[in-house]
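Novice: model the following, please.
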Amino acid sequence: MKWTTANLKNPNYSENHEIYVGTHTGSFKKITVANEDKPFLQQNLQEISKLDKDSRVTALGFGNEDKSEVLIGRANKFVQVYSLDTQMAQTNLEMLDAPVVGICRYDTQLIAGFGTGKIQKLQIAEDMVLSAGDNIAHLRQCEVERKLVATGGKGRQNNLKVFDMDAGKQVFSSKNLPNDFLELEVPVWDSDVGFIDANTIATCSRHGYVRLYDTRAQRRPVQKYATEDQMSFATLVARDHYIYTGTTMGAMKAFDTRRMKNFVHTYKGFTGSISDVHLDQSGKFLVSSCLDRYVRVHHTDSCVMMYQCYVKSKATRVLIRNAVGKEKTDDDVVLVGVENGEEEEDDDDVDEKPQEKDDEYDEIFNSMPTVGDKDSDDEEQKEKSTVKRKAEGKNRKNKKKKKNV
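Specialist: Next up, the predicted model:
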């Protein structure tokens, strides 16, 4: 699909999705893509007037397995637990530091990571604070083992680290690659991390590399992708054998963990830095937020852009889930052109109504030849013309014979 600035929805995109967007201005929005009549309608779930000027959304994540609550981290030390069922903020906590670069939930505990390198665990008898360096960019939780969280940041002291929040200690720390041919240290900047499983972790960097770690094998990456081109990765999401990354130059790439020599997919349509990416439950659709103020949905296999919506503010974080509610039935289908409160007439009733007789129409219709009649007339005309030509030819021959005699 060609690049365009218009809101669009692919006719083949019929998934029952809801998209939640956090913006640079601090607004938290909901877009119901499954709404057939208004698929681009945006609903502000929080009043912007009550938000602080420095309340931009810096972290967004689901708080439970059924995805009925959203954890919102902001740049002003505050974290909110928002219930999607009641559409109200249940908890508003002031954190230890700011900005919040990642937030997740484990049982009844909230785990938040800050840009200063600290990790705070709340809602227990005594708050726990761990150190992950001094400048981390992101914190992610493992969906398989929810007690595990991973962090990554800028500099060798802020490389990939994995923490066990039950034990309250660090269980893994990555090791940098060997020095280059000039014996200089390879620069490190893990801008985002993602769990593939409990032991396999992917990272991307502003320095243009994507690395894959196996905590059971070694501290250095087991596979990696690196390029000399100006490709600065800002965010990623990993699932099964694939890693989906977004860059600061408005490009989105997909990598296969079984062959990391090059990327396998490229997704187009962006005009700004990609700030966040997220997969739906099936893994077939990839939603992304971009600083060009658009939210987009791509099909992971075909790379086709299925949906694009302008959200009026710079989108910083995005989530996607299946809409909750009963499935549509034949009785729930609303037909286009039928006003509310009006009943649609059945087809059987329409057929039974007597229609007015139109003599002029009947005369025109009766005078129209059928296909079969036309064909037979043409064949008959051809036979007559053939017989006539033969007769004329015989007459000419007879006249010539008489003249010769």
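Novice: please name the bridge partners of the residue most central in space within the chain.
Specialist: Nearest to the centroid of the C-alpha atoms of the chain, with distances taken as Cα atoms, centre = their mean, sits V287, at 2.0 Å. The partner list for V287 in beta bridges (DSSP bridges) reads H278, V297.
Novice: that one contacts V297, doesn't it?
Specialist: Yes: counting by Cβ atoms under 8 Å, V287 does reach V297; the two are 5.0 Å apart. In short, each C-beta sits where N, CA and C put it, glycine included.
Novice: mutual contacts of the two, please.
Specialist: Residues touching both V287 and V297 (Cβ atoms under 8 Å, 6 or more residues apart in numbering): 19, 320.
Novice: now the helices for the stretch 201-350 of the chain?
Specialist: For the stretch 201-350 of the chain, applying DSSP state H, counting those that start in this stretch gives helices covering 347-352.
Novice: low-confidence ranges in it?
Specialist: For the stretch 201-350 of the chain, applying pLDDT under 70 flags the ranges 325-350.
Novice: ranges for the strands of it?
Specialist: 209-214, 223-226, 233-239, 242-247, 252-256, 265-267, 274-279, 285-290, 294-299, 305-310, 315-322 (DSSP state E, counting those that start in this stretch).
Novice: put together TSV for the ones you listed, with distance to E69 on each row.
Specialist: Shown next, in TSV, are these (distance: least, Cβ to Cβ, whole Å):
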stretch	distance to E69
strand 209-214	30
strand 223-226	35
strand 233-239	20
strand 242-247	25
strand 252-256	28
strand 265-267	29
strand 274-279	16
strand 285-290	19
strand 294-299	21
strand 305-310	23
strand 315-322	11
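Novice: D85 is nearest to which of those?
Specialist: Checking the strands of the stretch 201-350 of the chain against D85 by Cβ to Cβ gives strand 315-322 as the closest, at 12.6 Å.
Novice: report all helices and strands that the closest one contacts.
Specialist: For strand 315-322, the packing partners by 3 or more Cβ pairs under 8 Å, 6 or more residues apart in numbering; DSSP states H and E come out as strand 17-23, strand 57-62, strand 274-279, strand 285-290, strand 294-299.
Novice: can I get those in CSV including distance to I119?
Specialist: Below are the helices and strands packed on strand 315-322 laid out as CSV (distance: least, Cβ to Cβ, whole Å):
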stretch, distance to I119
strand 17-23, 21
strand 57-62, 13
strand 274-279, 20
strand 285-290, 24
strand 294-299, 29
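Novice: buried deepest among the ones you listed, which one?
Specialist: Comparing those by mean neighbour count (mean count of other Cβ atoms under 10 Å), strand 285-290 ranks first with a mean of 25.
Novice: excluding its backbone neighbours, what's nearest G26?
Specialist: Once flanking residues are discounted, G26 sits nearest to S55: 3.6 Å by Cβ to Cβ, 6 or more residues apart in numbering.
Novice: sorry, back to before: looking at the helices and strands packed on strand 315-322, spot the one closest to K268.
Specialist: Closest among the helices and strands packed on strand 315-322, once you apply Cβ to Cβ, is strand 294-299, at 8.8 Å.
Novice: out of the strands of the stretch 201-350 of the chain, the one nearest N35 is which?
Specialist: Nearest of those (Cβ to Cβ): strand 305-310, 11.7 Å.
Novice: and that closest one, what's buried?
Specialist: By 16 or more other Cβ atoms under 10 Å, the buried positions in strand 305-310 come out as 305-309.
Novice: can you check stretch 97-105 too?
Specialist: Buried, per 16+ other Cβ under 10 Å, within stretch 97-105: 98-105.
Novice: now do that stretch, average pLDDT.
Specialist: Across stretch 97-105, pLDDT averages out at 90.
Novice: same check on stretch 85-94?
Specialist: 85.
Novice: number the residues from 18 up from this point.
Specialist: With 18 as the first residue, the last one maps to stretch 102-111.
Novice: which residues touch that stretch?
Specialist: Contact with stretch 102-111 is made by 62-63, 85-86, 94-100, 127, 139, as judged by Cβ under 8 Å, 6+ apart.
Novice: one more time with 7 Å
Specialist: By Cβ atoms under 7 Å, 6 or more residues apart in numbering, the list of residues contacting stretch 102-111 from outside reads 62, 85, 94-100, 139.
Novice: repeat that for stretch 34-53.
Specialist: Stretch 34-53 is contacted by residues 33, 56, 58-63, 65, 68, 72-74, 77, 87, 89, 91, 297, 304, 306, 312, 324, 326, 328, 330-340 when judged by Cβ under 7 Å, 6+ apart.
Novice: mind checking the SS state of K407?
Specialist: With DSSP: H, G, I helix; E, B strand; the rest coil as the basis, K407 sits in helix.
Novice: report pLDDT for it.
Specialist: 70.
Novice: can you check K171 too?
Specialist: For K171, pLDDT reads 91.
Novice: same question, Q137
Specialist: 89.
Novice: ok but it is inside a strand, no?
Specialist: Yes: under three-state DSSP, Q137 sits within a strand.
Novice: pretty sure it sits against D144.
Specialist: Yes: using Cβ atoms under 7 Å as the test, Q137 is close enough to D144 to be in contact (6.4 Å).
Novice: pick out whichever of the two has more residues nearby.
Specialist: Using other Cβ atoms under 10 Å as the criterion, Q137 and D144 rank with Q137 on top: 20 against 11.
Novice: residues in contact with the more buried one?
Specialist: 112-113, 129, 144, 146.
Novice: likewise for A340?
Specialist: Contacts of A340 (Cβ under 7 Å, 6+ apart): 33-35, 49, 51.
Novice: same thing but 10 Å
Specialist: Applying Cβ atoms under 10 Å, 6 or more residues apart in numbering to A340 gives the contacts 32-35, 49-52.
Novice: again with S148
Specialist: The contact partners of S148, by Cβ under 10 Å, 6+ apart, come to 133-136, 178, 187.
Novice: so what's the backbone phi/psi at it?
Specialist: phi -110, psi 130 (degrees, to the nearest 10).
Novice: give me the below-cutoff pLDDT ranges for the stretch 68-217 of the chain.
Specialist: Scanning the stretch 68-217 of the chain with the threshold set as pLDDT under 70 gives 68-70, 140-143.
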